[in-house]
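**Q** Everything below, folded, please.
(one chain, ligands or ions: 1)
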Amino acid sequence: MSSERLHFVLPPPGSLDFGPHVFPVEKYALVPRLVREELGVGADRFHPPDELRLDDLLRVHDPAYCDDLEHARETEATLSSELPVDAGVIQGIRSMAGGTVTALRLALEHGVGFHLGGGFHHAFRDHAEGFCYLNDIALAIEGLRAERGLGRVLIVDVDVHQGNGTASIFADDANTFTYSIHQERNYPFYKEASDLDRGLADGVGDRDYMHALTADLDAVDARFDPQLVLVVAGVDPYEFDQLGGLRLTPLGLEQRDEAVFQRYLRRGLPLAIVLAGGYARTAEETSRLHLGTVRAALRAAAVGG
Ligand SMILES: [Zn+2]
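**A** Below you'll find the model as predicted:
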């Protein structure tokens, strides 16, 4: 069930490593392996990430903050992250950001670009938050605008946490529509305003989630006409997620993703996908949920458009 239209970006091996942590970095090696071995995706579909230069980072991020990152300096702007302020970790996040740039380019060239990493939506222009130093979503959009004149972009962020960094970065940009569906009573506790936000109550399950998502995406359609759609496909709305309080089942997550992908592929719109969050009980369980997102993309790419 492979489609010529769907291409993947591989996170560089070992790009992120900070020992035992609720953030299961092992998934960046495990998910690609499962995609190859269990879904039979051929090596010709995998692409290495772009290398980002300082100039690329400066399209989105503040110069003083970029300088702190370049020197792995402990300042208010870097210490607001929940990751170590470490040159290797920062370089890993930078490689990840490059992968999202590559995914958007693949989306424009082939139809669907799927980065098996990325989704660092809590990074702001001038400081880090959560597990996010650089906002790969914003860097990719601004990168492709500079490189190819990319126009209107819709961001559909279905991670259980609000995409506060992305909302803040694009607050005044009429060419970027930010939509976030998340658990209201969860991190970040101070939420930025997206163009459309849906804060769900604790414990929402598959049916109510899909009902809210569908109604919201219909409302977005009436307000914005995108030229590319970027899905931040976090699997942390999962019922057994350690950092989430919603109750989506694995099947519910996969159906969510397929519905979102199909909606835009049917219209022939370029689609980019990033993994974002997932904190199930083990890295294996988390990786299998992300694999569901990949299956959904393969099915949607095979039938849509
Ligand atoms: Zn999350």
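**Q** Read off the pLDDT value for the most centrally placed residue in the chain.
**A** Residue closest to the average C-alpha location in the chain (C-alpha atoms, centre = their mean): G119, at 2.8 Å. Looking at G119, its pLDDT reads 97.
**Q** Report the distance from stretch 222-234 to the chain centre.
**A** From the chain centre to the centre of stretch 222-234 is a distance of 12 Å (C-alpha atoms, centre = their mean, to the nearest Å).
**Q** Then stretch 285-299?
**A** On C-alpha atoms, centre = their mean, the centre of stretch 285-299 falls 14 Å from the chain's centre.
**Q** Give me the spatial nearest neighbour of L79, chain neighbours excluded.
**A** Nearest non-adjacent residue to L79, counting by C-beta to C-beta, 6 or more residues apart in numbering: V85, 6.5 Å away. Using the backbone N, CA and C atoms, a C-beta is placed for each residue, glycine as well.
**Q** One more: R263?
**A** The nearest residue in space to R263 (C-beta to C-beta, 6+ apart) is L217, at 6.3 Å.
**Q** for H182, same thing?
**A** Using C-beta to C-beta, 6+ apart, the closest residue to H182 is Q162 (4.4 Å).
**Q** Quick check: phi and psi on the one you found?
**A** phi -60, psi 140 (degrees, to the nearest 10).
**Q** how many neighbours does D218 have?
**A** When neighbours are counted by other C-beta atoms under 10 Å, D218 registers 10.
**Q** check contacts around the residue nearest to Y190 when sequence neighbours are not counted.
**A** Sequence neighbours aside, N164 is the residue nearest to Y190 in space, at 7.6 Å (criterion: C-beta to C-beta, 6+ apart). Applying C-beta atoms under 8 Å, 6 or more residues apart in numbering to N164 gives the contacts H121, H122, F124, E129, P188, Y190, K191, E192.
**Q** Could you identify which of those residues has the most neighbours?
**A** H121 leads the contacts of N164 on contacts (other C-beta under 10 Å) with 31 neighbours.
**Q** Get me the contact residues on the chain for the ion.
**A** D159, H161, G234, D236, G277 (C-beta under 5 Å from the ion).
**Q** Isn't the fourth one up against E285?
**A** No. With contacts defined as C-beta atoms under 8 Å, D236 does not count as touching E285, sitting 12.0 Å away.
**Q** So the two - more neighbours on which side?
**A** Shown here are D236 and E285; by other C-beta under 10 Å, D236 has more neighbours (26 against 18).
**Q** so when I look at that one, I'm seeing a helix, right?
**A** No. Going by DSSP: H, G, I helix; E, B strand; the rest coil, the assignment for D236 is coil, not a helix.
**Q** how close does it get to L106?
**A** According to C-beta to C-beta, to the nearest Å, D236 and L106 sit 25 Å apart.
**Q** repeat for G165
**A** Distance from G165 to L106, by C-beta to C-beta: 23 Å.
**Q** can you tell me the average pLDDT over stretch 193-207?
**A** Mean predicted confidence for stretch 193-207 is 98.
**Q** buried stuff in that stretch?
**A** S194, D195, L196, D197, R198, L200, V204, D206 (16 or more other C-beta atoms under 10 Å).
**Q** That stretch: end-to-end distance?
**A** In stretch 193-207, first residue to last residue: 26 Å (C-alpha to C-alpha, to the nearest Å).
**Q** L243 reaches H182, doesn't it?
**A** No. Using C-beta under 8 Å, L243 makes no contact with H182, being 11.8 Å away.
**Q** what's the neighbour count on P48?
**A** 13.
**Q** Quick check: phi and psi at it.
**A** phi -80, psi 160.
**Q** From the ion, how far off is the nearest residue to it once chain neighbours are set aside?
**A** Once flanking residues are discounted, P48 sits nearest to L10: 6.3 Å by C-beta to C-beta, 6+ apart. Per C-beta to the ion, to the nearest Å, L10 is found 22 Å from the ion.
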